[in-house]
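A.B. asks: Pasting the sequence and the predicted coordinates here, then a few questions.
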Amino acid sequence: MKFSTAASMLLLAGTSAGFTSYAPSRNAFLARSSHTEEVRGFRPLQMSDVVDSKEETFEFQAEVGRVMDIIINSLYSDKDIFLRELVSNSADACDKKRFLSVTADGDSVDTTPPTIKIKAGPENQKIIIEDTGVGMTRYELINNLGRIAQSGTKYFMEALGEGSADVNLIGQFGVGFYSAYLVADKVEVVTKSMQAGSPQLKWESDSGSSFTISDANDEEAIDGSGTRLTLHIKDDAMQYLESSKLEELVQRYSEFIEFPLQLWKSNTEYEKVPDIEANADLAEGEEPKMKTVPKTVEEYEEMNTQKPLWLRSPNEPEDEEYKEFYKTAFKASYDEPQKWSHFRLEGQVDFKALLYVPGMLPFELSKDMFDEESRNVRLYVKRVFINDKFEDIMPRWLKFVKGVVDSDDLPLNVSREILQKSKVLSIINKRLVRKSLDMFRDIAEDEDASKYIMFWNNFGKYLKIGIIEDDKNKKELAPLLRFYSSKSGEEFTSFDKYIDGMVEGQKSIYYVTGEGRKNAMQLPVIEKLKTKGYEVLLMTEPLDEITIEAIRDYKEFNVIDATKEGLDLEDGEETKKETEELNEKYADLREFLEVQLEGKVQKVTVSTLLTDSPAALVQGAYGVSPTMQRYMKAQSVASGGDGSMGSMNQAILEINPKHPIVQDLEKMVQADKESAKTQNFAMLMYDVASMTGGYEVSDTGSFAQRVMSLMSSMGSSQSGEVGVEDSKEKNSDEDKAIEPEVIL
């Protein structure tokens with residue numbers, strides 16, 4: 001095989017495993033005492049022992065031994081990733097061979113199809129990973145497998161200069177080969193370089209202080225070129241000898257590897273054979289009877305038949321392909337995605353992505369909306385799965401969006417397990433959020449309104465969290481919010497729809513909080529709003545209140561809480577003057593109520609906004625609604641607190657001076673404000689205002705006594721009236737003259 005000068009240089013610099021990482025220290029290099037010459041600028045290797053002319057033993061220097069110990073015992077947190085790293089190296093080797101074959105001269109290029117094979121042998125406690133990639137020479141074995149984090153791929157890329165997209169598929173990670181020692185106590189590497197006339201060699205080490213390199217003529221021959229890794233599995237890693245475990249790891253990490261990835265499996269098949277016993281008395285000419293028997297078949301089975309849809313142009317795949325990929329990749333056989341977005345970003349950062357909006361809420365999120373075990377966005381580097389636990393790639397309010405991100409620019413640590421913060425990550429995050437919002441808007445603008453209603457019922461709470469937590473995207477999210485209102489009935493409304501339905505002269509958006517639509521509609525504070533024809537948004541969940549408080553305005557309209565003190569409906573100076581006069585007129589009643597309700601309300605004021613109710617409870621500027629108070633109280637008690645609201649409850653009692661109950665109470669206060677009857681009457685009015693306002697009656701016993709007292713007084717009054725009438729009738733009968741009876 002003849003290669004061009006440049007290609008030969010690249011092949012020498014390259015490695016079948018694509019090992020790259022941080023630059024090694026000069027002290028980490030190996031030396032051989034049998035060769036005193038410098039090899040390409042490196043110090044000679046020191047050989048501790050030469051067994052024969054075909055096998056040489058090399059010692060790792062002390063620094064290298066310590067680094068390897070870190071790699072094996074500290075660098076990786078999960079042993080499972082050993083297969084990901086080794087398969088990635090094999091894929092890099094195949095890719096490098098493909099590229100070099102294009103630059104090779106002559107017709108003697110190795111045409112062996114690129115393949116990666118994995119075989120577990122429980123009987124001999126071994127795992128074999130074999131590829132038909134570029135292979136390695138003796139020098140490359142020493143240079144690449146004898147040194148920690150030596151960057152063969154780095155030299156490959158430097159020698160190539162500005163390469164094509166094919167070259168960018170070559171791996172750029174460092175110490176992946178040594179992850180084999182997470183599960184193996186000994187590793188053998190049999191390899192044959194694609195350079196013409198290269199011998200088959202064997203590298204062997206038990207991760208101790210040395211490794212050996214020898215001729216491998218007695219090993220099973222490698223067809224063409226390639227590398228065969230044999231892992232001698234540790235006793236505490238026996239689970240990896242099960243083909244089912246290896247299949248699980250391949251499907252998780254390497255299902256989108258470009259080259260065919262085959263796993264040795266045992267499958268049971270059934271075949272029909274003649275039933276000897278049943279055919280013993282078979283008559284001549286009669287068709288023989290058959291039976292079905294199981295048959296165990298051992299063979300290689302291709303694991304990566306699923307193609308990486310995200311690598312294709314967004315205009316190519318059909319809708320059915322996107323749906324099928326979603327169901328297969330995210331194990332969502334019974335779900336149909338509502339929307340998807342397939343895009344690529346090129347420039348400062350280069351990455352490809354495919355995002356999906358699920359058709360239904362994933363099961364794991366139905367129990368906990370931020371379930372830590374839930375996986376939504378999967379990160380790949382050159383088709384190799386890296387992780388799906390990176391929190392910073394997407395904000396948590398988009399936890400329900402599923403997708404794939406593939407980028408060579410991801411800032412990963414050397415073990416490829418930690419995504420490091422960088423400008424690249426920020427750019428990817430912003431683009432994913434923007435594309436997600438575009439999908440949501442597309443659903444909202446669909447002619448079929450039921451699609452967005454289904455989306456909102458499933459994922460609306462996540463958008464509310466986005467309003468609270470993501471200040472940068474709050475304005476983008478606000479139009480997507482949906483609420484019930486005083487005019488919407490069973491349907492949702494939006495801010496834009498609310499504005500379209502505003503009455504003339506209305507300058508604000510009003511809302512109230514309550515526990516359920518029915519209770520919210522009964523709040524006394526919205527009586528005046530309803531009489532003026534204003535629509536009122538109903539916040540019926542604790543999360544709604546936090547969400548709406550984060551939205552101070554929408555477009556040119558202020559968003560106003562109607563349950564807060566000082567609600568201004570812009571009725572003019574006359575209304576304000578009237579309110580001041582009424583407060584002065586009912587000063588004695590307000591003072592009496594403030595004394596009676598000390599500790600329950602901050603103050604008592606007269607309101608002109610009430611029409612049907614005698615009184616209403618509202619909150620001060622920094623108070624929280626009764627619904628939120630109950631939620632916070634429950635949280636406090638659950639965490640060991642006493643459930644006290646403290647400054648969170650800033651209740652203010654507003655009274656309606658035009659209501660008969662308030663007018664009666666005013667007369668009772670003027671007559672005898674110290675009487676128990678007057679005080680009970682006042683407390684009962686407060687209790688009613690509390691209940692209609694959604695507050696809890698703190699002292700239910702006293703409340704019951706007041707109600708029974710009222711019932712008794714009413715009953716006694718009615719009984720007294722009946723008794724008087726009966727007495728009058730009786731006296732009337734007695735007063736009648738008794739006429740003498742004449743007996744004849």
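C.D. replies: Perfect, I can see it now. What you see is a predicted model, and the numbers here were worked out from it, not measured in a lab.
A.B. asks: Give the full set of residues in contact with the residue nearest in space to the middle of the chain.
C.D. replies: In the chain, the centroid-proximal residue (CA atoms, centre = their mean) is Lys399; its distance is 2.6 Å. Taking CB atoms under 8 Å, 6 or more residues apart in numbering, we find Lys399 in contact with Leu365, Met369, Phe370, Ser374, Asn376, Tyr462. In short, each C-beta sits where N, CA and C put it, glycine included.
A.B. asks: Okay, strands next: where are they in the stretch 201-350 of the chain?
C.D. replies: Assigned by DSSP state E, counting those that start in this stretch, the stretch 201-350 of the chain shows strands spanning 210-215, 226-233, 261-274, 290-302, 339-345.
A.B. asks: so Met628 makes contact with Pro542?
C.D. replies: Yes - Met628 is within contact range of Pro542, at 5.6 Å (criterion: CB atoms under 8 Å).
A.B. asks: ok so, going back, between the contacts of Lys399, which is closest to Ser341?
C.D. replies: Asn376 (14.1 Å; CB to CB).
A.B. asks: What count of nearby residues applies to Lys339?
C.D. replies: 21 (other CB atoms under 10 Å).
A.B. asks: in its sheet, what does the helix or strand hosting Thr191 sit against?
C.D. replies: Element membership for Thr191, per DSSP states H and E: strand 184-192. Take DSSP bridges as the rule and strand 184-192 pairs in its sheet with strand 200-205 (antiparallel), strand 226-233 (antiparallel).
A.B. asks: can you list contacts of it?
C.D. replies: 16, 127, 135-136, 141, 145, 180-181, 198-207, 216, 219-220, 222, 224-234, 237.
A.B. asks: what about 7 Å?
C.D. replies: For strand 184-192, the external contacting residues (CB atoms under 7 Å, 6 or more residues apart in numbering) are 16, 135-136, 141, 145, 180-181, 198, 200-206, 216, 219, 222, 225-234.
A.B. asks: With mean pLDDT and distance to Lys530 added, can I get the strands of the stretch 201-350 of the chain in JSON lines?
C.D. replies: Shown next, in JSON lines, are the strands of the stretch 201-350 of the chain (pLDDT from 0 to 100; distance: least, CB to CB, whole Å):
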{"stretch": "strand 210-215", "mean pLDDT": "88", "distance to Lys530": "85"}
{"stretch": "strand 226-233", "mean pLDDT": "94", "distance to Lys530": "75"}
{"stretch": "strand 261-274", "mean pLDDT": "86", "distance to Lys530": "67"}
{"stretch": "strand 290-302", "mean pLDDT": "86", "distance to Lys530": "68"}
{"stretch": "strand 339-345", "mean pLDDT": "94", "distance to Lys530": "38"}
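A.B. asks: Identify whichever of these lies nearest to Asp78.
C.D. replies: Nearest of those (CB to CB): strand 226-233, 16.6 Å.
A.B. asks: what is the nearest residue to Gln125 once chain neighbours are set aside paired to in the beta sheet?
C.D. replies: The shortest distance from Gln125 to any non-neighbouring residue, by CB to CB, 6 or more residues apart in numbering, is to Ile233 (5.0 Å). When bridges are called by DSSP bridges, Ile233 pairs up with Ala184.
A.B. asks: And Ile233, how close does it get to Ala180?
C.D. replies: 10 Å (CB to CB, to the nearest Å).
A.B. asks: Neighbour count for the two, which is higher?
C.D. replies: Ala180 (25 against 21).
A.B. asks: Name the nearest residue to the more buried one, sequence neighbours excluded.
C.D. replies: In space, Ala180 is closest to Val187, 5.0 Å off (CB to CB, 6+ apart).
A.B. asks: mind checking how far that neighbour is from Ile116?
C.D. replies: 17 Å.
A.B. asks: Between the two, point out the one with more neighbours.
C.D. replies: Applying other CB under 10 Å to Val187 and Ile116 shows that Ile116 carries more neighbours, namely 28 against 21.
A.B. asks: and the more buried one, what is it in contact with?
C.D. replies: Contacts of Ile116 by CB under 7 Å, 6+ apart are Val87, Ser90, Ala91, Cys94, Asp131, Phe259, Pro260, Leu261.
A.B. asks: Could you count how many residues lie near Ser266?
C.D. replies: With other CB under 10 Å as criterion, Ser266 counts 9.
A.B. asks: what's the offset of the strand holding Thr191 from the middle of its chain?
C.D. replies: Remark: strand 184-192 is offset 40 Å from the chain centroid, using CA atoms, centre = their mean, to the nearest Å.
A.B. asks: what inclination does it have with respect to strand 210-215?
C.D. replies: 30 degrees (axes from the mean of the first three to the mean of the last three CA atoms, to 10 degrees).
A.B. asks: buried ones in stretch 549-556?
C.D. replies: Glu549, Ala550, Ile551, Tyr554 (16 or more other CB atoms under 10 Å).
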